[in-house]
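Student: just coords:
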């Protein structure tokens, strides 16, 4: 059973938004976009500073819309949200020791989407390192260790996480050595996520119940994005330009994590706009043309804002 319930009004708006998107971007195939959209009614259970226990939080009804929300898609840097939660869990349970270098890597992984920083975080999570090929026995042990994050998320028993794969580092040029063998050729062992799985993880963070309320708030602080044009101008890789944040009014508040590479352009965001209900939006798009299209995700975001305005008025 999904963690949100399908809402008729959101279904109607979601279908309209998709139709408008396909009309505006005729090169976008119906199987090249996936979307999950949640709307938070009063009393809003998220961004409360962790005022609710996990048990109370999951009892709050959430209405939503999903299109291809269960389709497994290569997530690019969206996977870093999962590594963020996992590393906070490890630190909370004293499975790894805090350090200034780990703090720096966690920050850079989310704020700057650094692949090098993510490499250190994955090494810390799994107790493995990259390097040359390994003999069969040690390599089997290495692979078991690298799957520890998968085992953690499976232990949550969320139906949305049953089929995901989060055991690979993110790369600029690609994997080599034992990492390449682990990935596979073709890469059958790539990271795989769905918009529903990403939405539930983000929902738990903004709800203040991912690991703990304090750690959830720390994760949200890393995901907060400035919409100030001056800030965006000095940071060309700001995770706003070309993504959902670019379709928001300037008074909006945005917490997000983008993912982008040669074949995909994704974003996962929690948004607050004065006068409107808060909402969560995860959009994955696939295809080389979509990955280079900086207008697509902002267009979807603008359509969602218009729908939220109409829903509020109605």
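Tutor: Done, it's in. Every value quoted in this text rests on a predicted model; they were computed, and no experiment measured them. Numbering: from 1, shown residues only.
Student: Domains in this protein, by residue range?
Tutor: Listed by automatic domain parsing, the domain ranges of the chain are 1-72+226-314, 74-193.
Student: Could you export the ones you listed as a markdown table, including mean neighbour count and mean pLDDT?
Tutor: Every C-beta, even on glycine, is put in place using the N, C-alpha and C of the backbone. Below are those laid out as a markdown table (neighbours: other CB atoms under 10 Å; pLDDT from 0 to 100):
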| stretch | mean neighbour count | mean pLDDT |
| --- | --- | --- |
| domain 1-72+226-314 | 18 | 96 |
| domain 74-193 | 17 | 98 |
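Student: Need the nearest residue in space to residue 262, chain neighbours excluded.
Tutor: Distance criterion CB to CB, 6 or more residues apart in numbering; nearest residue to residue 262, sequence neighbours excluded, is residue 291 at 5.7 Å.
Student: what does residue 258 give?
Tutor: residue 239 is the one closest to residue 258 (CB to CB, 6+ apart), at 4.1 Å.
Student: need the helices for the chain, in chain order.
Tutor: Under the criterion DSSP state H, the chain contains helices at 8-24, 54-59, 79-92, 100-111, 115-126, 136-146, 148-154, 178-183, 195-206, 213-223, 229-233, 288-291, 296-313.
Student: Mind listing residues that contact the fourth one?
Tutor: Contacts made with helix 100-111 from outside it, assessed by CB atoms under 8 Å, 6 or more residues apart in numbering, are listed as 80-81, 83-84, 87, 96, 114, 116-118, 120-121, 124, 219, 222-223, 257.
Student: Repeat the analysis, applying 7 Å as the threshold.
Tutor: Outside helix 100-111, the residues within contact range by CB atoms under 7 Å, 6 or more residues apart in numbering are 80, 83-84, 87, 114, 117-118, 120-121, 124, 222-223, 257.
Student: I'd like to know how far residue 233 sits from residue 74.
Tutor: Relative to residue 74, residue 233 is positioned 30 Å away (CB to CB, to the nearest Å).
Student: same thing with residue 50?
Tutor: Distance of residue 50 to residue 74, computed by CB to CB: 32 Å.
Student: likewise residue 48?
Tutor: Separation of residue 48 from residue 74 (CB to CB): 33 Å.
Student: Distance to residue 156 for the contacts of helix 100-111 - can I get that in TSV?
Tutor: TSV is the format used below for the contacts of helix 100-111 (distance: CB to CB, whole Å):
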residue	distance to residue 156
80	18
83	15
84	15
87	16
114	27
117	25
118	21
120	24
121	19
124	20
222	21
223	20
257	19
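Student: ok, so of these, who is nearest residue 247?
Tutor: Distance to residue 247 across those (CB to CB) is lowest for residue 257, with 16.4 Å.
Student: I'd assumed residue 80 was in contact with that closest one.
Tutor: Yes - in this structure residue 257 lies within contact range of residue 80 using CB atoms under 7 Å: 6.3 Å.
Student: if we can go back for a sec, select, out of the domains of the chain, the one closest to residue 205.
Tutor: With distances scored as CB to CB, the stretch of the domains of the chain nearest to residue 205 is domain 74-193 (6.9 Å).
Student: Pull up the distance across the closest one, start to finish.
Tutor: Using CA to CA, to the nearest Å, one end of domain 74-193 lies 6 Å from the other.
Student: quick revisit: what's the residue nearest to residue 262 in contact with, if anything?
Tutor: Residue 291 is in contact with 260, 261, 262, 263, 264, 265, counting by CB under 7 Å, 6+ apart.
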